[in-house]
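>>> sequence first, predicted model second:
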Amino acid sequence: MKLIVQIPCLNEEVALPQTLKSIPRTIPGIDAVEVLVIDDGSTDRTAEVARAHGADHVVRFTNTKGLAHGFMAGLDACLRLGADVIVNTDADNQYPGHEIPRLIAPILSGEADMVVGDRSVTEVAHFSWTKKRLQTLGSWVVRKVSGTGVPDTTSGFRALTREAALRINIVSEFTYTLESIIQAGKKKLAVAHIPVETRETRPSRLFGSTWEYVKRSGATILRIYAMYEPFKVFILLGSALLLAGTILGLRYTYFWWIGEIRGHVQSAILSVLLLILGFQTLQWGIMADLIASNRKLIEDVLYRVRRMELGRPEHRG
């Protein structure tokens with residue numbers, strides 16, 4: 001049983017040594033613990049510091065590709081290195097290394113495919129009131145969309161089984177945290193969460209302002225939900241357009257019936273336009289649903305190909 005702890009980094013030469021030092025190298029139930037650092041095109045000495053302070057493997061990009069790309073590159077490298085369990089943690093030492101055994105416990109006991117560390121956001125002293133409310137709201141939305149019960153969906157401290165890592169395919173360029181949970185829920189993976197300690201760290205480098213975070217996170221949620229539930233999305237939009245068109249059409253019919261048609265032609269034109277758009281949207285929903293079905297087949301093929309490349313027998317059961 002091999003555990004690999006992956007750490008995506010961008011200019012973390014200062015904080016990285018302490019993060020590496022805190023990772024336990026002996027864990028009950030695990031035969032080997034290794035550390036993989038993903039250097040996302042850092043302009044400082046992150047890669048050199050990682051090697052000097054005990055990182056077993058380093059993946060380095062020549063330019064910055066983003067957190068989501070780094071996360072996926074890390075998963076791919078961990079799988080090729082033979083990881084049975086993968087833990088993702090932040091380079092800024094926000095999550096204490098001694099929490100790793102607790103994080104992977106549900107996986108070792110066979111209760112979960114993915115475990116997310118819950119920071120209890122509302123109780124974190126160094127989070128602002130606005131950040132606490134926004135993250136609470138965002139996590140609620142992701143829970144509803146994904147069908148999971150994770151209370152802290154933006155937490156980067158998480159563990160995955162080999163099977164779960166093989167099935168995750170991040171397409172967002174912003175962050176992996178929200179999309180991976182939505183995918184896990186839609187793919188019926190067992191997702192658990194445990195409360196974990198956190199340390200106060202520097203401001204996030206992922207976004208420049210709260211508004212940017214809200215905008216990009218909202219776009220990610222909508223995009224991924226539409227990708228996995230396109231029929232529901234287009235049916236909802238199409239029905240809303242049809243309803244609006246029908247109401248305007250009935251309004252015009254009423255004025256026509258009482259003989260006051262003058263001045264209401266705009267309602268008739270808008271009604272026709274909305275009805276046409278509504279029917280078209282419903283058609284798009286059918287096509288999008290067919291595309292989503294093909295996507296599921298392609299993802300299954302990709303999963304099988306990745307298993308064959310990695311030389312592991314196909315999972316049965």
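Now that the structure is in, tell me what you want to look at.
>>> the helices in this structure, which residues?
16-22, 46-52, 67-80, 100-108, 129-146, 162-167, 177-186, 210-228, 230-257, 265-310 (DSSP state H).
>>> what comes up buried for stretch 58-71?
58-59, 61, 65-71 (16 or more other Cβ atoms under 10 Å). In short, each C-beta sits where N, CA and C put it, glycine included.
>>> kindly reformat the helices of the chain as CSV containing distance to Asp152.
Below are those laid out as CSV (distance: least, Cβ to Cβ, whole Å):
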stretch, distance to Asp152
helix 16-22, 20
helix 46-52, 27
helix 67-80, 17
helix 100-108, 13
helix 129-146, 6
helix 162-167, 18
helix 177-186, 9
helix 210-228, 14
helix 230-257, 26
helix 265-310, 26
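>>> ok so, going back, just put the buried residues of stretch 58-71 in JSON lines and tack on distance to Glu99.
Formatted as JSON lines, the buried residues of stretch 58-71 follow (distance: Cβ to Cβ, whole Å):
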{"residue": "Val58", "distance to Glu99": "24"}
{"residue": "Val59", "distance to Glu99": "24"}
{"residue": "Phe61", "distance to Glu99": "28"}
{"residue": "Lys65", "distance to Glu99": "28"}
{"residue": "Gly66", "distance to Glu99": "26"}
{"residue": "Leu67", "distance to Glu99": "21"}
{"residue": "Ala68", "distance to Glu99": "24"}
{"residue": "His69", "distance to Glu99": "26"}
{"residue": "Gly70", "distance to Glu99": "22"}
{"residue": "Phe71", "distance to Glu99": "19"}
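>>> ok so, going back, deepest-packed of the helices of the chain, please.
helix 177-186 (a mean of 24; mean count of other Cβ atoms under 10 Å).
>>> now the angle from that one to helix 67-80?
Orientation check (axes from the mean of the first three to the mean of the last three Cα atoms, to 10 degrees): helix 177-186 against helix 67-80 gives 50 degrees.
>>> who's in contact with helix 177-186?
Identification of contacts with helix 177-186 by Cβ atoms under 8 Å, 6 or more residues apart in numbering yields 68, 71, 113-114, 116, 138, 142, 145-148, 150, 153-156, 158, 164, 167-172, 191, 217, 220-221, 224-225, 228-229.
>>> ok, now which ones touch the closest residue to Val145 other than its chain neighbours?
Counting by Cβ to Cβ, 6 or more residues apart in numbering, Tyr225 is the residue found nearest to Val145 once chain neighbours are left out, at 4.9 Å. Tyr225 is in contact with 145, 182, 233, counting by Cβ under 8 Å, 6+ apart.
>>> so which of those comes closest to Val5?
Ile182 (24.0 Å; Cβ to Cβ).
>>> need the contact partners of stretch 63-70.
Contacts of stretch 63-70 (Cβ under 8 Å, 6+ apart): 8-10, 38, 40-41, 61, 73, 170, 172-176, 179, 206.
>>> the closest residue to Ala32 other than its chain neighbours: what's it in contact with?
Spatial nearest neighbour of Ala32, chain neighbours left out: Lys2 (4.7 Å); criterion: Cβ to Cβ, 6+ apart. Contact partners of Lys2, counting by Cβ under 8 Å, 6+ apart, are 30-34, 81-85.
>>> what about 7 Å?
31-32, 34, 82-84 (Cβ atoms under 7 Å, 6 or more residues apart in numbering).
>>> and Arg251, by the same measure?
By Cβ under 7 Å, 6+ apart, the neighbours of Arg251 are Ser267.
>>> still on that earlier bit, can you tell me which of the contacts of stretch 63-70 are classed as buried?
The buried subset of those - by 16+ other Cβ under 10 Å - is 8-10, 38, 40-41, 61, 73, 170, 172, 174-176, 179, 206.
>>> per-residue confidence for the spatially most central residue of the chain?
Centroid-nearest residue in the chain, with Cα atoms, centre = their mean: Glu179, separated by 2.2 Å. Among the per-residue scores, Glu179 shows a pLDDT of 86.
>>> from Glu212, how far off is it?
Using Cβ to Cβ, to the nearest Å, we find Glu179 at a distance of 17 Å from Glu212.
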